[in-house]
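Undergrad: Sequence and predicted model, in that order:
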Amino acid sequence: LEDMSHESAARAKAGAVLLPLTLNLPQNKTFIVTTMNLRDALSRLIRLFTKQGLLPQPCETKPFLHDTVITGEKVSLGNGASIGARTLLGDHAIIGKGVTIGTNCRIEAGAVLKDNTCIGNNVTIHSGAVIGGEGFIFSEETEAWTRIPSIGTVRIEDNAEIFENVTIARGILSETVIGN
């Protein structure tokens, strides 16, 4: 992409690399796409892949709600969510489609976990946090700023604590990972 060096582009293991026209590369086995506007091209490619249903599915679990889950008032639980033992879902928490939450977690009042977010074990997410929303990268397409779609996901690993009103966005193409 924009900050990729000649050497790293030549070593890329990706099936394709999107590069500026100004970078002169030796031929290798990688399919190289060159463009004048990388962000515009990336935005268009992501939209194309999204239409084709080529989205990451990070959580490898089946829908499940353990008997010991405690839910507050007016909790919203999306289709396909999986919630482990001894987890607390506070009042007005919003759990999106395909979200996985491990065991011994605490999702406090008003926290929002967007679709396909993965939460490990022993995780606390405090009130008002939003996990898995759109990223903050834009492209200037035909004289108007357009958001580049975020098709990545968020994974919060074991023993993490996310404080009040924190926002953690999905990656544009890959996972945003908060380590344990």
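TA: Happy to help now that I have it. Numbering: from 1, shown residues only.

Undergrad: Now do the SS call for the spatially closest residue to E73 that is not a sequence neighbour.
TA: Excluding the flanking residues, the one nearest E73 by C-beta to C-beta, 6 or more residues apart in numbering is D91, at 4.7 Å. (Glycine included, C-beta is placed from N, CA and C.) Three-state call for D91 (DSSP: H, G, I helix; E, B strand; the rest coil): coil.

Undergrad: pLDDT below threshold where in this protein?
TA: Along the chain, the model assigns pLDDT under 70 to residues 1-37, 49-61, 141-142.

Undergrad: So for it, the centremost residue is which one?
TA: Centroid-nearest residue in the chain: T153, 1.9 Å away (criterion: C-alpha atoms, centre = their mean).

Undergrad: Any figure for the gap between that one and E164?
TA: 23 Å (C-beta to C-beta, to the nearest Å).

Undergrad: what do you get for N79?
TA: 28 Å.

Undergrad: that's a strand at L45, yeah?
TA: No - using three-state DSSP, the assignment for L45 is helix, not a strand.

Undergrad: Give me the neighbour count for it.
TA: 17 (other C-beta atoms under 10 Å).

Undergrad: Likewise for T87?
TA: T87 has 22 nearby residues by other C-beta under 10 Å.

Undergrad: Let me see the contact set for the residue nearest to it when sequence neighbours are not counted.
TA: Among residues not flanking T87 along the chain, C105 sits closest, at 4.4 Å (C-beta to C-beta, 6+ apart). If a contact means C-beta atoms under 8 Å, 6 or more residues apart in numbering, then C105 has G84, T87, L88, I119, N121, N122, V123, T124, I125 as its contacts.

Undergrad: List just the nearest of those to K62.
TA: Distance to K62 across these (C-beta to C-beta) is lowest for G84, with 12.4 Å.

Undergrad: The closest one and I162: what is the separation?
TA: 17 Å.

Undergrad: Same question for R39.
TA: Distance from R39 to I162, by C-beta to C-beta: 29 Å.

Undergrad: Check G132 too.
TA: For G132 relative to I162 (C-beta to C-beta), the value is 11 Å.

Undergrad: Between the two, which has more neighbouring residues?
TA: G132 (25 against 21).

Undergrad: Name the nearest residue to that one, sequence neighbours excluded.
TA: G132's closest residue in space is K114 (C-beta to C-beta, 6+ apart), at 3.3 Å.
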